[in-house]
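Colleague: test case, fold it:
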Amino acid sequence: MKGWIPGLCLVLAAGSQAFASSQSQRAHGTAVFAANGCGHCHSINKVGGHKGPDLSGVGRKMSKSKIREQILHGGNEMPSFTDDLQADEVNDLVAYLRSCRQKPIKK
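Modeller: Just a heads-up that it's a prediction; the model follows:
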């Protein structure tokens, strides 16, 4: 019976470390979004441009792979950012955009 306590502690520690890591990833993704001018075309929570789609709820609508594909390959008038972003920046930007899960406001 005592054997499960160390295992539980290990699982809880790993989970809190993963949460802290994903939190810092999202924070860095927010900075990548700002530093690369994404807000010139896209808005999030009513802040930013309107040339591209509002990304406030993109995390509910698109998978990580679809978001990554859009960033790297562009399309629908959006340029490709393959040559502009490093792999860790793309990962963090995807983590940030996946956290944007605002539901649309009903009119």
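Colleague: residue boundaries of the strands in the chain?
Modeller: 43-44, 47-48 (DSSP state E).
Colleague: what's the local residue count around the nearest residue to residue 52 once chain neighbours are set aside?
Modeller: Nearest residue to residue 52 in three dimensions, chain neighbours excluded: residue 41, at 3.8 Å (C-beta to C-beta, 6 or more residues apart in numbering). Any C-beta I mention is one placed from the backbone N, CA and C, and that applies to glycine too. Counted with other C-beta atoms under 10 Å, residues neighbouring residue 41 total 16.
Colleague: which residues does residue 41 contact?
Modeller: Residues in contact with residue 41 (C-beta atoms under 8 Å, 6 or more residues apart in numbering) are 48-49, 51-52, 78.
Colleague: what of residue 84?
Modeller: If you count contacts by C-beta under 8 Å, 6+ apart, then residue 84 has residue 36 around it.
Colleague: need the pLDDT of it.
Modeller: In the prediction, the pLDDT value recorded for residue 84 is 96.
Colleague: just the one 3 residues further on next, same as before
Modeller: According to the model's per-residue confidence, residue 87 sits at a pLDDT of 96.
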